[in-house]
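>>> sequence first, predicted coordinates after that:
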Amino acid sequence: MTQPVLTPVKASYVGTWIATLLLVVTFVFGLLLFPPSFEAVEGMPEPSHNVLFLGRFHPILVHLPVGILVFLLVMETLCLRRSVEAKFGEAALLALWIGSAGAVFAVLAGIMLSREGGYEGGTFTLHQGLGIIGTAGILLGLLMRLAGMSTENRSLVDGYRAVLLLSFSLMGIGAHFGANMVHGSKYMTQYAPPMIAEQITGMEKWMLSLVEGPEDAGKIEVPTPKVEEPAVVKVDTAPVEPKTPAMVPESAPAPSVPPVVKTEGPMVAGAEGKLVFEHLVLPVLEEKCNKCHNADKSKGDLRLDTHEMVMKGGETEGNVVPGKPDTSLLIARIKLPEDDDEHMPPEGKPQISPEELALLSWWIEQGASNTTTVKEAQLPPETQSLVQKLLAPL
């Protein structure tokens, strides 16, 4: 009995089939070799430097599949017409294969990057989980399109397009949560029109409630304009008790007391009810530190998004030592040379200004309180402009 012979159409896709199956095997084998971890696991072995090095390519690799797949969606829309599909179907298949390969390597690099530690919480879970599911869907779509083209089965190609759209949508939502990890939860909503911001925030809360519960998901807030009267900060000099001529020689210089910034009295409406930590210290930490030290991305197991976490510290003890700013790691690492590996924020990131450093040092020196009000605080004069800026309405 003679063996069946592949038709020219089927034979032309043999190489593509081999490459596609190797890509699927790479994805599955990679997930088995580096199983995704969504929470910190005690006793997890330290990753090798090679793994961490490859993981650092995740931010680069992740943009390739996004660009290719957006281009592919345009092509597939045009290919809905049979005449266009006949001319450009193979070009669409090539774009799909490249986009699928990019997604596979971006996901695997992302899992390797997460081995650095400090990545946990609902935002990370959604970013990684949707990335994996979306990539698996893209690979399924690749198999469907290739099978449809190699067998000339139009229905498979049509079904693939629905799979592609759904999978790419999931990847897009996962990328959104990735942006929140890097830039903060208000990245997309801070300047969005209120109606759009509410829709985005509602979606985030609902999805986070699926992985971490409604209570934690409720931490996301829609940024709303604050209507406050401008704060007035004045420099005052503490009174000095007069000395009698018998106690102080005429040649002795008059004692001097450094001025302090005081926010007091009814003139300072913007300071009413404001706390030093919540309204002065925390905004500085949020702007300069919390992109890497929050509930979803806690580098060095350090979080700086709440007073409790600031005082708790991270892997190394002594993040904040009340009354001793010079021995507090928070201050010591800010003061290191910018090219030092231990300097914070890292080189290339927005740095702590002298005024902000003065404010943080003063707060720690005064006991690192969570209840001191701005009205009763004796703030150093070099923080005057910073205090005005932080208390001013948006």
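Thanks, I have it.

>>> outline the domain layout of this structure.
The record's domain parsing of the chain by automatic domain parsing lists 8-184, 234-391.

>>> got JSON lines for those, with mean pLDDT, mean neighbour count and distance to residue 192 too?
Just so you know, the C-beta spots here come from the backbone N, C-alpha and C atoms, and that holds for glycine as well. Shown next, in JSON lines, are the domains of the chain (pLDDT from 0 to 100; neighbours: other CB atoms under 10 Å; distance: least, CB to CB, whole Å):
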{"stretch": "domain 8-184", "mean pLDDT": "89", "mean neighbour count": "17", "distance to residue 192": "12"}
{"stretch": "domain 234-391", "mean pLDDT": "73", "mean neighbour count": "16", "distance to residue 192": "19"}
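
>>> what about the strands in this structure?
234-236, 260-262, 378-379 (DSSP state E).

>>> let's have the domains of the chain in TSV, adding distance to residue 199.
Output for the domains of the chain, formatted as TSV (distance: least, CB to CB, whole Å):
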stretch	distance to residue 199
domain 8-184	12
domain 234-391	21
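
>>> which one of those lies nearest to residue 207?
Minimum separation from residue 207 across the domains of the chain (CB to CB) falls at domain 8-184, 5.9 Å.

>>> do you know which of the domains of the chain lies nearest residue 203?
Across the domains of the chain (criterion: CB to CB), the nearest stretch is domain 8-184, sitting at 8.0 Å.

>>> I'd like to know which elements the longest helix seen in the chain is packed against.
In the chain, taking DSSP state H as the definition, the longest helix is helix 82-114. With contacts defined as 3 or more CB pairs under 8 Å, 6 or more residues apart in numbering; DSSP states H and E, helix 82-114 has these neighbours: helix 14-33, helix 49-55, helix 58-61, helix 63-78, helix 122-151, helix 154-183.

>>> can you list these in JSON lines and add distance to residue 325?
Listed next are these as JSON lines, based on distance: least, CB to CB, whole Å:
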{"stretch": "helix 14-33", "distance to residue 325": "46"}
{"stretch": "helix 49-55", "distance to residue 325": "33"}
{"stretch": "helix 58-61", "distance to residue 325": "35"}
{"stretch": "helix 63-78", "distance to residue 325": "41"}
{"stretch": "helix 122-151", "distance to residue 325": "32"}
{"stretch": "helix 154-183", "distance to residue 325": "29"}
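
>>> any idea how far residue 211 is from residue 125?
Using CB to CB, to the nearest Å, residue 211 is found at 5 Å from residue 125.

>>> please apply the same query to residue 188.
Noted for residue 188: a distance of 19 Å to residue 125, by CB to CB.

>>> with residue 391 instead?
In this view, residue 391 and residue 125 are 37 Å apart by CB to CB.

>>> also residue 207?
From residue 207 over to residue 125 the distance is 10 Å, taken as CB to CB.

>>> again with residue 334
Note on residue 334: its distance to residue 125, by CB to CB, is 31 Å.

>>> repeat that for residue 12.
Residue 12 sits 43 Å away from residue 125, taking CB to CB as the criterion.

>>> what's the answer for residue 286, then?
From residue 286 to residue 125 the distance is 22 Å (CB to CB).

>>> now swap in residue 280 and tell me
On the measure of CB to CB, residue 280 and residue 125 end up 33 Å apart.

>>> go on, residue 346?
Residue 346 sits 25 Å away from residue 125, going by CB to CB.

>>> same question for residue 382.
43 Å.

>>> and residue 166, how far is that from residue 352?
For residue 166, the distance to residue 352 - CB to CB - is 45 Å.

>>> again with residue 311
Look at residue 311 and residue 352: by CB to CB, they are 19 Å apart.

>>> just residue 161 next, same as before
Look at residue 161 and residue 352: by CB to CB, they are 51 Å apart.

>>> residue 341 now?
17 Å.
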